[in-house]
Structure formats: C-alpha cells, structure tokens
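Asker: just coords:
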C-alpha cells in the first residue's frame, strides 16, 4: 500500500477531481496555499496499491499542466518624486509536486 501526497495548482484540481475517482482512486482533499506566488493549491492524499502507481502517475501528468505566467517581482515603491516599476518576471506554474510514501499498516475506523 502507498500513500501519495500530491500538491496540485488550483487551476488543475477540477480535472483531477473528475478523472481520479472515475479511475477508481479514492482521495482526501486539503486546501493549501503556495509559498512563493501565494497561489491557491490543493493537497490530495491518495491511498493506492503499488501496482497502480504508474496509472496514477499518468493521470496526474495528463491533468496537471505547467504554464508560464508573468509576475511583478516587487511591489512598486514610491519615494520623493521617484517611482520604481520592475519588469515582469516569467515563472512556471502548475503541474504537481508528488511524494510517494510506503504504508506499513492501514485500518479504517
């Protein structure tokens, strides 16, 4: 038995919510917030047999897409007659960050 912890960008979670249960994967969803960009994320806890990891990996890869966005790296600062407008920086968002843990024992309560 494996526990898969997948942190998924908010824009991708709708598709993942549809395809994983349709494929027979059961999951628990925990809302989370990204660090650097403060983007909405969802952390999924998925229990599965080790033999189904490849299928799960494929479904996550097909439905968690990476995208490019432009962000302003700093807030504009205003001083005495000065204005600093930084150039937008291109960053990659989306996709999924996934951890797979061995489960020694599982018992529903």
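Answerer: Ah, there it is. Keep in mind the model is a prediction, meaning the values are calculated, not measured. Numbers count the residues shown, from 1 in each chain.
Asker: Neighbours of the residue nearest to residue 98 when sequence neighbours are not counted, how many?
Answerer: Of all residues not flanking residue 98 in the chain, residue 6 sits nearest, at 4.8 Å (Cβ to Cβ, 6 or more residues apart in numbering). Quick note: C-beta positions are derived from backbone N, CA and C, even for glycine. Residues lying near residue 6 (other Cβ atoms under 10 Å) number 22.
Asker: The chain should start at 57 in everything you say after this.
Answerer: Fine by me, first position is 57 from now on; the one you just mentioned is residue 62.
Asker: partner residues bridging residue 62?
Answerer: residue 100, residue 154 (DSSP bridges).
Asker: right, and it touches residue 156 too?
Answerer: No: Residue 62 lies out of contact with residue 156 (Cβ atoms under 8 Å); the separation is 9.4 Å.
Asker: which residues in the chain form helices?
Answerer: Ranges of helices in the chain, per DSSP state H, are 69-78, 109-119.
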